[in-house]
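**Student:** What follows is a predicted structure for the sequence shown.
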Amino acid sequence: MRSFRKSMLRSLLFLSLSLTLAGCGYVDTWNDILHAKENKTTYNYDFSIPNPGDDISSLEKDQTKWEIDGAGLTIKVPEFVHDVKGNFIISGGEEIYPGDGVVYMTLNYLGHSDEEYEAFMEQILNPDEDTTVEEYEVMISDFYKPFRTVFSVYALDHYREFDELNEYFEQMYAAKPNFAKTKKLGSSGGYNFYMVQNEYSEEDLKEAMGEYYEEYRDVYSRMPEFMEGLEMYLPVTNPSVVDQEDVLDLGFEMTDMDGKSHKLSDAVNENTLTMISFFETSDPESVTELTALQELNKKYGEKGLAVFAIGADILDEDSVYLAIANSQEAKSEFPVCVPPVGIENVFSTAVYPTTYFVDQKGRLVGEPIYGSSPEMYEKRIKKMLGIIDKKGDK
């Protein structure tokens, strides 16, 4: 379970998009506290600052810079920040949805001072015995009412246009963003970076921010100072080796369309990067993708990439021929295989195509990519083969 602070603040990301505050997990937190009280134990929350790339971080005002590697940004902290009474909170530092090529970071302002925050947390962690869940919810939502976005930065993969964001947000959140100001900041690592500021009505701001209104307005107006000395680079959330040391069990024997056997673990050990794409013969997009895999195999096969396509609904070698009939003879260039028994326990696949990448140690690389996305495949391949470095193109 996430710490209370991170769970609460993640929900408030949607508040910054003018959506309904929901899904905060109050009841779970409340029950955990009650459980701790009943067992005469202490309920411990983790208030440490998460590593860069986590979805929520509380920022220290006395730092000289804020590094948000998950969004590919380093912000030089303006001098005035050190004297601000309220708190700065980062939302994001990650892809909005894995594989979509839209990475974001939002700088938010919470009006309460450090002292007020500490007093609030003491109240939350030690509620009166007769406090109801409903009263507990009100305590939390009231405290986080003076919370608004200062600005956001979106890093879009090179194949995405900024104008797509309106449609993207409408699809993801059933609401259009209320962008008041937009500015292209630059490009790095194959991503284009844009700064945006939300538009709030004065009535909304005064009601929400209350006594903190003037300070928020001052912080909001000084957005350009955050842009001075801004560093941009390839976001580590895409692609990156997942933060895990677990080595996958890849000792599967797979049979391709020609009846040849392939041991997946051998391919992984012999190559810098292994690409495993799951498709369905009944899905035209999946079958067409084999052509894209063919091109990637030709381009990077001798540079350390191994490519496998696994037909999720293939029962034997003969049916593979049906799947690749119109794929420009992809069958002769890389293995198109029958799914081995048990592979679904290692690679969970609910939509097709879904593509996984595995490094030479047998660890997952990044999140799986859902749907056919040759541009995303190539970007991840280049990164892992050393063709793109962290700070930009070689």
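**Tutor:** Cool, got the structure. As the structure is a computational prediction, the values presented were derived from the model and not from experiment.

**Student:** Per the annotation, how does this protein divide into domains?
**Tutor:** Residue ranges for each domain of the chain read 4-232, 253-393, as given by automatic domain parsing.

**Student:** which phi and psi does Glu103 have?
**Tutor:** If you look again at residue 103, you'll see it is Val, not Glu. For Val103, the backbone dihedrals (degrees, to the nearest 10) come out as phi -110, psi 140.

**Student:** Cross-check the contact I'm expecting between it and Gly72.
**Tutor:** Yes - assessed by CB atoms under 8 Å, Val103 is found in contact with Gly72 at 6.8 Å. All C-beta spots, glycine's among them, are computed from the backbone N, C-alpha and C.

**Student:** so what sits against both of those two?
**Tutor:** Contact criterion CB atoms under 8 Å, 6 or more residues apart in numbering; residues shared by Val103 and Gly72: 155, 191, 235.

**Student:** returning to what we had before: please identify the most buried of the domains of the chain.
**Tutor:** Ranked by average neighbour count under the criterion mean count of other CB atoms under 10 Å, those are headed by domain 253-393 at a mean of 18.

**Student:** which one of the shared contacts of Val103 and Gly72 is nearest Ile276?
**Tutor:** Using CB to CB, Pro235 comes nearest to Ile276 of those, at 23.3 Å.

**Student:** quick one, strands of the stretch 251-394 of the chain?
**Tutor:** In the stretch 251-394 of the chain, the strands defined using DSSP state E, counting those that start in this stretch lie at 253-255, 261-263, 273-279, 305-311, 336-337, 354-359, 369-370, 388-389, 392-393.

**Student:** can you list these in TSV and add mean pLDDT and distance to Tyr212?
**Tutor:** Listed next are the strands of the stretch 251-394 of the chain as TSV, based on pLDDT from 0 to 100; distance: least, CB to CB, whole Å:
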stretch	mean pLDDT	distance to Tyr212
strand 253-255	90	60
strand 261-263	93	62
strand 273-279	92	49
strand 305-311	92	53
strand 336-337	86	60
strand 354-359	90	46
strand 369-370	80	41
strand 388-389	44	42
strand 392-393	42	39
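
**Student:** among those strands, which is nearest Tyr213?
**Tutor:** Closest of these to Tyr213 is strand 392-393, at 40.6 Å (criterion: CB to CB).

**Student:** Quick check, Pro339 in contact with Thr281.
**Tutor:** No - using CB under 8 Å, Pro339 makes no contact with Thr281, being 11.7 Å away.
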